[in-house]
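Colleague: What shape does this take:
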Amino acid sequence: MSQILTSLPGASTGRSLPKPPSIFRTGARLPEVRWATVALVLFLLGGIAQLAGAPAAVWWSLYLTCYAAGGWDPALSGLRALREKILDVDLLMIVAAIAAAAIGQVFEGALLIVIFATSGAMEALVTQRTADSVSSLLDLAPERATRVPSNGTGTEEEVDTADLQVGDVILVRPGERIGADGTVIRGVSEVDQAAMTGESVPVVRREGDEVLSGTVNGSGVLSVRVAKAAKDSVVSRIVTLVEEASATKAKTQLFIEKVEQRYSLGVIVATLLVFFLPLSLGESLEAALLRAITFMIVASPCAVVLSTMPPLLAAIANAGRHGVLVKSATVMEQVGRTTVVAFDKTGTLTEGTPKVTAVDSLEAAFTPAEILGLAAAVEQYSEHPLGRAILRDAREKSLTVEPATNFQAVPGQGVSGIVHGRQVRVERPEAEADDDVAGTVVYVIIDGATVGRITLADRLRPTAAATVDRLHQITGNPVHLLTGDNHRAAAQIAAETGIDEVRSRLLPADKATAVRQMEQGGHRVLLIGDGVNDAPALAAATTGIAMGRHGSDLALDTADAIIVRDELEALPSLIAMSKRAHRYIIANLAIAATFITVLVTWDLISILPLPLAVAGHEGSTVIVALNGLRLLRSQAWKN
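Modeller: You can find the predicted model right below:
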C-alpha cells in the first residue's frame, strides 16, 4: 500500500488534534480552582493543628481563613441571587457555617465551605477544558491552502482558507491536510478520514470523489474544487454542533438540588419565626436567639448535603480504581437513569486497527501462507495501516519475510517490489463496492497474474458482545450502533455483538441528530465514542463516555466520563454502581430527615439543649457519611 502520513516529517494521523492546555495550566488560570485549593490547604492545616494539640487560636485562625478563602465566592453568588429574589442553598450553607462557628463547631463549618468550593471549582474546570478543546478543533483545518487556476496551469498562490470561495481549486500535496470541503478534479490518493468519519483505514479518492476539510492526504497529489465556504465546512459544523449542544443541553441537577430552593427558603422563614414568635410572646431575647440558633443548626442542610455527596463521591472513587473517570457527582447520578445505550464502531466496539481475517488462494500453485509471505515482503516498506496489518499477521504466523527490491508505492492503488526475481504487487481493486465487502480486500499479483486475495477488517474488542448483552439486560432496550463506516462493515460488527439497531455512513452532524431523536423520544441516551466525529453526539447525549487510550482530546473533554483503559466491560458495572449510589442517597435522606424532624420538633415544643442539638446534628451527619462510604468497597463494584 502507498506510504503515507507517518512517513512524512511532521505529519500527523487523521485522528489526532492539537492538544489544548494541560488540566493543571487550565486550573491555574481559573480563580475558582485557586481559591478552592487555598481553602482545602487551610482546612487540612487546621485539622492537623487541631489533632496535634496546637493552641485553639492557631487552628481557629486557619479554619476562619478557610472560611474566607472558600466562602467569599459562594456568599457573593448567594447575595447576587438574593438581589434577583432567588434564595439558593449557597447562602444558606454560608449562614449555617457561620452559625456552626458561632457555637464552637468551626470544623464542621469549614468542611461545608470546602465541599462547596471544591464542587464549584470542578464545574468551572470541566467547562473551561471543554471550551479549550473546542477551540483547538479549529486547528484541525489548515489556516493556509494553495490555490491554483482551475485549468491546472498558471501561478500558485498561498491564501487563507477563510478566503477560499466556492469554485476555487486548491492543490493538496502529500501529507497535507485538506483545506476545504470539495470534489477531486485531478489526481489519485488515499485520504485518512478517521477524524471525520471514523473509518479505520484511509480511503481512495480520485476524480469525482468528495473530500472533507481537516482530513489528511496520502502520498498522491490532489486538485480539489472547493464546494463549501470555510464557515460551512465539516470542521466548522462540528465546532458549532459541540458548542450548541453544550449550551442547550439541559443542566442536570443532583437529586437534592431539585428541592434546595424551597428547602433554603423554608429554613430561613422558619428560623425567623422561631426567633420572633417566642420573642413576641414575652420570651427573653437571649432565650429566643439561642432557640433560633439551635433550630438553624439542627435544620441546616449539613446532613442532607452529606446524604448525597459521600455516596456519589465514593462511587466516583471506586469507579476510578476500576478504570473509569467520572467527571462529577451529577454525572455519576445520571448514569444510572440511562434507558438507551449507543456505541460508535471504530475505536469503541473495535480496536481501531485492521487485522487480516482471511487469505484466499486464487491459484493452485500458491498456498495462503506463500501469498501472505510474499505480500508481507513488499508491505514491510510501507507505512499504510493495511500494509502494517499484513506484515504483523505474517510475523505472528512465524512466516519468513524476504527482502524486496525496487519498492514502489502507487497512490490510490498499492505497492510493488521484486522478491526473488518475481514482481509482486499488492493492490486494492480499482472500484471498491464498499457496501458489498465486510472489510477491505487487497489482491496479490505475481508477474501479472492475480494469485491471491487478502481480506482485512477492524479488530473487535474481545468483551464487546458480552458488554452489549449486559447493557441490553440492564436498560431493557436495544443497543444502538452509530457509525460513519459503510453499511456492510457496520452490519458485520452488529451481528458479532448482537446489536439490533444500526445506522451507518453518519457524518458528525448525523450522529448528533440521531442522539437528539432518541432523546426527544423520551430516552436518556448514554453514548460511547472516541473520535472528533463523535464529539457533537457526546455533547448531545444525556451522558457521553469516551474511550481513553486513543480518544481525541475533544472527545475526552466533551465526554462526561472516560473509560481510561478502554475496558468495555466497565460500562455495565458503572451503570449498576450509579443505581446503587442512588439507593444509598434515598436511604441517607430518610435518615437525615428523621433526625431533623425529631430535633426540630423537640426544639419547637420544648427546650432542646444546645449540646444535645449539636450532638444529634453531628450524629446524623456522621451516620449518613459513613453509610455512603460503604460504596468504596471493591465488592460494591463487582456486584
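Colleague: Spatially nearest residue to the residue nearest to the spatial centre of the chain, not counting backbone neighbours?
Modeller: Central residue of the chain (Cα atoms, centre = their mean): residue 559, 2.2 Å from the mean position. Nearest-residue entry for residue 559: residue 546, 3.7 Å, with adjacent residues in sequence omitted and distances by Cβ to Cβ, 6 or more residues apart in numbering. Bear in mind the C-beta positions are built from the backbone N, C-alpha and C, glycine included.
Colleague: Could you tell me which residues make contact with the one you found?
Modeller: 528-530, 534, 538, 555-556, 558-559, 561-563 (Cβ atoms under 8 Å, 6 or more residues apart in numbering).
Colleague: can we see that at 7 Å?
Modeller: With contact set as Cβ atoms under 7 Å, 6 or more residues apart in numbering, residue 546 has these partners: 529-530, 538, 555-556, 559, 562.
Colleague: what about it, is that helix, strand or coil?
Modeller: Here residue 546 is recorded as strand under DSSP: H, G, I helix; E, B strand; the rest coil.
Colleague: so how many other residues sit close to residue 609?
Modeller: Neighbour count for residue 609, taken as other Cβ atoms under 10 Å: 12.
Colleague: how much space between it and residue 271?
Modeller: 18 Å (Cβ to Cβ, to the nearest Å).
Colleague: Looking at the helix or strand where residue 586 lies now, give me its mean pLDDT.
Modeller: Assigning secondary structure by DSSP states H and E places residue 586 in helix 570-605. Helix 570-605 shows a mean pLDDT of 88.
Colleague: Going by contacts, tell me the helices and strands next to it.
Modeller: helix 285-299, helix 302-321, helix 329-335, helix 464-475, helix 610-628, helix 634-638 (3 or more Cβ pairs under 7 Å, 6 or more residues apart in numbering; DSSP states H and E).
Colleague: Give the buried residues for the shortest one.
Modeller: Residues 636-637 are the ones in helix 634-638 that count as buried (16 or more other Cβ atoms under 10 Å).
Colleague: on that earlier part again, columns mean pLDDT on top of the helices and strands packed on helix 570-605, output as TSV?
Modeller: Shown next, in TSV, are those (pLDDT from 0 to 100):
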stretch	mean pLDDT
helix 285-299	75
helix 302-321	77
helix 329-335	87
helix 464-475	94
helix 610-628	72
helix 634-638	81
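Colleague: which stretch among those comes nearest residue 185?
Modeller: Nearest of the helices and strands packed on helix 570-605 to residue 185, taken as Cβ to Cβ: helix 464-475 at 40.9 Å.
Colleague: any idea how far whichever helix or strand comes after that closest one is from the chain center?
Modeller: Next in sequence after helix 464-475, counting helices and strands by DSSP H and E, comes strand 480-482. Using Cα atoms, centre = their mean, to the nearest Å, the mean C-alpha position of strand 480-482 is found 17 Å from that of the whole chain.
Colleague: Just checking: what are the partner strands of strand 480-482?
Modeller: Sheet pairing of strand 480-482 (DSSP bridges) gives strand 340-343 (parallel), strand 501-503 (parallel).
Colleague: which of those strands sits most buried?
Modeller: strand 340-343 (a mean of 26; mean count of other Cβ atoms under 10 Å).
Colleague: Not counting its own residues, what contacts that one?
Modeller: 349, 471, 475, 477, 479-482, 515, 518, 523, 525-528.
Colleague: Of all pairs in these, which one is the farthest apart?
Modeller: Maximum distance among these (Cβ to Cβ): 19.9 Å, for 349 and 523.
Colleague: just to revisit the earlier point, tabulate the helices and strands packed on helix 570-605 (JSON lines), appending distance to residue 391.
Modeller: Formatted as JSON lines, these follow (distance: least, Cβ to Cβ, whole Å):
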{"stretch": "helix 285-299", "distance to residue 391": "71"}
{"stretch": "helix 302-321", "distance to residue 391": "38"}
{"stretch": "helix 329-335", "distance to residue 391": "41"}
{"stretch": "helix 464-475", "distance to residue 391": "26"}
{"stretch": "helix 610-628", "distance to residue 391": "53"}
{"stretch": "helix 634-638", "distance to residue 391": "40"}
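Colleague: So which of the contacts of strand 340-343 wins on neighbours?
Modeller: Result: residue 527 is most packed of the contacts of strand 340-343 (other Cβ under 10 Å), 31 neighbours.
Colleague: pretty sure it belongs to a helix, no?
Modeller: No - assessed by three-state DSSP, residue 527 does not belong to a helix; its assignment is strand.
Colleague: That one bridge partners, please.
Modeller: residue 342, residue 544.
Colleague: Number the residues from 528 up from this point.
Modeller: Happy to do that; since the first residue is 528 now, the last one works out to residue 1054.
Colleague: just checking, it touches residue 1063?
Modeller: No - counting by Cβ atoms under 7 Å, residue 1054 does not reach residue 1063; the two are 10.3 Å apart.
Colleague: count of residues packed around residue 799?
Modeller: Residues near residue 799, counting by other Cβ under 10 Å, number 11.
Colleague: what's the nearest residue to it if we skip its chain neighbours?
Modeller: residue 819 (7.8 Å).
Colleague: same deal with residue 1056?
Modeller: Residue 1056's closest residue in space is residue 871 (Cβ to Cβ, 6+ apart), at 3.8 Å.
Colleague: just checking, the one you found touches residue 1061?
Modeller: Yes - the pair residue 871 / residue 1061 is scored as a contact, 5.1 Å apart, by Cβ under 7 Å.
Colleague: More neighbours: the two, which one.
Modeller: Comparing residue 871 with residue 1061 by neighbour count (other Cβ under 10 Å), the higher total belongs to residue 1061, at 35 against 28.
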